[in-house]
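Visitor: quick one: sequence and predicted model below, then my questions.
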Amino acid sequence: MSTAETDLVETPAADPRVEVLPARDVPLGGPRAMTVRRTLPQRSRTMIGAWCFVDHYGPDDVASTGGMDVAPHPHTGLQTVSWLFTGEIEHRDSLGVHAYVRPGEVNLMTSGHGIAHSEVSTPATTVLHGVQLWVALPEDHRHTGRDFRHHAPGPVALDGGEARVFLGTLAGDTSPVPTFTPLLGAELILRPQATITLDVDPAFEHGLLVDSGEVRLLDTLLRPAELGYVAPGHSTLTLANTGGADARLVLLGGTPFEEQIVMWWNFIGRSHEDITRAREEWMSSVNSDRFGTVQGYPGDRLPAPELPGIPLKPRGNVR
C-alpha cells in the first residue's frame, strides 16, 4: 500500500485504556541459544498480576535453529508455566519429574525455595513454537516445597472462536491447576473478522499477547508479538480479529501483585542479598541441597552469570 493510499484509510485511534508493550529479542541461555521475544518484564511494567515473565518464541525451524537445549539451571521464588503451540519439549527436574511439554497441555513447575530443571526440544520436533511464562510467588509461599502439575484443557467454544483455559477461570471453564494468587491463563483462537466479548474478573489486570494475526483489544490494534495491558476495573474485554485468517492469542490476568520483587537471571527474591545467596548456593556445589540434581541430561549444568557491580533493587509496578 502506498503512502497516499494509507492516508485515505481511517484508522481508529488507540484506546487509552490499553497500554501496548512491544517485544524485544533476547537469546535464551545455553550453548545453543535460541532467540525469544520478551514482553515482560520491561521498564514501564514489571508484572501483570503475578505474571512477571513472558517469553514468546517461534515458529522456529529446528533444522536451522537447533531448537531448544537449556541445560540444568536453578529457580527460586517462582512458578514456570510452559505452553506450546507446535513441537515437543522434554522436561527433567530435581523433583525427579521426567515429562513432556506438548501443544495444548500446560506444565506448571513450582520452584519454591529452590529447584533445577532442563528443557530440550525432542528429536521428533521440526517446528518449535510457544510461550514460556513465570509467576512470582507471594512472600508467604515463596519458600514452599517443589511441585509439578500437568493439565490438558479441552477446547471451550466461543461465539467466533475457542479457548483453552490452562489457569484460572474463563468462559465457564476452570483449570484444576492450583496457584498461590488469583490468576488467569488461556489460549484463544479468534476466527477471521470475528468479534468476541469475554466476561472477566474486574479485580484483575489483564495482558493479551498476540501470537498471530492483528487484533483489536477494546479499540487498540495489537500486532504479532505485542502485549496489550488493561488495568483492573473491566468486567468485559472485547476482542476483534481484523484479518482474514485465524488469530491466536494468549490472555493472562491476575489481581495486582502488591509486593516488590528482585528478579535476576533465574531467581526471584525480595532483596539483593536473597539473589546473592541463591547464586552462591547454586555455584558452590553441583549437588546443592537447595536446588537438587537433575538426572538424565547429557551435559553440564549452566553456571550463573556474574552479578552486576551495583546492588539489585526491588521493583514493582507504578500504579
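Guide: Yes, it's here.
Visitor: for the residue nearest to residue 264 when sequence neighbours are not counted, give its distance to residue 111.
Guide: Distance criterion Cβ to Cβ, 6 or more residues apart in numbering; nearest residue to residue 264, sequence neighbours excluded, is residue 275 at 4.9 Å. Where you see a C-beta, it was placed from the backbone N, CA and C, and this is true even at glycine. For residue 275, the distance to residue 111 (Cβ to Cβ, to the nearest Å) stands at 14 Å.
Visitor: more neighbours, the two?
Guide: residue 111 (30 against 23; other Cβ atoms under 10 Å).
Visitor: per-residue pLDDT, the more buried one?
Guide: As predicted, residue 111 sits at a pLDDT of 98.
Visitor: which ones are touching it?
Guide: Listed by Cβ atoms under 8 Å, 6 or more residues apart in numbering, the contact set of residue 111 reads 74-80, 137, 146.
Visitor: same thing but at 6 Å, please
Guide: Going by Cβ atoms under 6 Å, 6 or more residues apart in numbering, residue 111 touches 75-76, 78.
Visitor: just residue 299 next, same as before
Guide: residue 71.
Visitor: separation between it and residue 92?
Guide: Shown here: residue 299 relative to residue 92, a distance of 12 Å by Cβ to Cβ.
Visitor: excluding chain neighbours, give the residue nearest to the spatially most central residue of the chain in space.
Guide: When Cα atoms, centre = their mean is applied to the chain, the residue found nearest the centroid is residue 133 (2.1 Å). Once flanking residues are discounted, residue 133 sits nearest to residue 81: 4.1 Å by Cβ to Cβ, 6+ apart.
Visitor: run the chain-centre distance for the helix with the most length in the chain.
Guide: Criterion DSSP state H: the longest helix present in the chain is helix 272-284. Relative to its parent chain, helix 272-284 has a centroid offset of 24 Å by Cα atoms, centre = their mean, to the nearest Å.
Visitor: where does the stretch 1-150 of the chain dip in pLDDT?
Guide: Along the stretch 1-150 of the chain, the parts satisfying pLDDT under 70 run over 1-14, 29-33.
Visitor: for it, what spans make up the strands?
Guide: Listed in chain order, the strands of the stretch 1-150 of the chain (DSSP state E, counting those that start in this stretch) span residues 18-21, 24-27, 35-40, 51-61, 69-75, 78-86, 89-93, 98-101, 106-110, 115-121, 127-136, 147-151.
Visitor: Serialize the ones you listed to a markdown table and add fields for distance to residue 295.
Guide: Output for those, formatted as a markdown table (distance: least, Cβ to Cβ, whole Å):
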| stretch | distance to residue 295 |
| --- | --- |
| strand 18-21 | 38 |
| strand 24-27 | 27 |
| strand 35-40 | 26 |
| strand 51-61 | 26 |
| strand 69-75 | 9 |
| strand 78-86 | 19 |
| strand 89-93 | 7 |
| strand 98-101 | 8 |
| strand 106-110 | 16 |
| strand 115-121 | 10 |
| strand 127-136 | 22 |
| strand 147-151 | 15 |
